[in-house]
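J.: model this:
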Amino acid sequence: MWSFTTQNIGKANDIRIKRTAPRGYYKGKIYKAEQVLSHPDLIKFGIRIIEGEYTGVFVNDVLKMASAVHNEGNIAFWRSALLSCGHSEETISQPNFEITQEHFFEKECFVHWSPKANGGDQHDSIKFLRPEIWIEESSI
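T.: Numbers count the residues shown, from 1 in each chain. Model (predicted):
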């Protein structure tokens with residue numbers, strides 16, 4: 001027979017099974033938009049799905065800072081991310097527009113999520129979409 005004494009069992013977190021959302025279009029809320037310490041040119045986005053069957057599921061991806069990579073594809077990702085979070089074309093088109101964590105943290109957004117392939121070397125992928133594109137593409 002065995003036994004033990006503990007003071008903190010009532011404060012322990014519940015065990016949960018990690019649910020993963022399948023590839024698809026989701027409305028989310030950004031809970032994390034942080035610089036990756038080991039790669040300061042990367043921003044890690046964490047999004048909690050807020051509508052539909054997968055409400056409460058978390059999805060994550062990283063995005064390289066637009067100032068660290070000078071290519072149109074990277075700049076397009078950041079533009080889409082800002083528009084997805086409700087910022088206007090007029091605001092983000094200002095010369096020398098400074099993108100900060102505050103543009104994303106706690107903002108609702110529209111995304112296409114692709115989890116990494118089993119056994120493959122692909123990584124998780126979040127594509128931010130402007131709301132009207134998300135509505136159009138998600139209804140197809």
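
J.: rest of the way, CA atoms for contacts and neighbours
T.: Will do.

J.: Mind checking what helix or strand follows the biggest helix by length in the chain in sequence?
T.: Secondary structure of the chain read by DSSP state H shows that its longest helix is helix 72-84. Next along the chain after helix 72-84, taking DSSP states H and E as the criterion, comes helix 89-92.

J.: Show me what counts as buried in stretch 132-140.
T.: The neighbour-count check on stretch 132-140 (16 or more other CA atoms under 10 Å) flags residue 134 as buried.

J.: and if you look at stretch 41-55?
T.: For stretch 41-55, the neighbour count (16+ other CA under 10 Å) marks 41-43, 45-50 as buried.

J.: Keep only those of those that are in strands.
T.: 41-43, 45-49 (DSSP state E).

J.: what's the nearest residue to residue 134 if we skip its chain neighbours?
T.: Ranked by CA to CA, 6 or more residues apart in numbering and with sequence neighbours excluded, the top spatial neighbour of residue 134 is residue 110, at 6.4 Å.

J.: Assign the one you found to one of the three secondary structure states.
T.: strand (DSSP: H, G, I helix; E, B strand; the rest coil).

J.: show me what contacts it?
T.: 25-28, 84-85, 128-131, 134 (CA atoms under 8 Å, 6 or more residues apart in numbering).

J.: I'd like to know how far it sits from residue 52.
T.: Note on residue 110: its distance to residue 52, by CA to CA, to the nearest Å, is 13 Å.

J.: Go through the ones in strands among the buried residues of stretch 41-55 and name the one nearest residue 104.
T.: Nearest to residue 104 among these is residue 45, at 8.8 Å by CA to CA.
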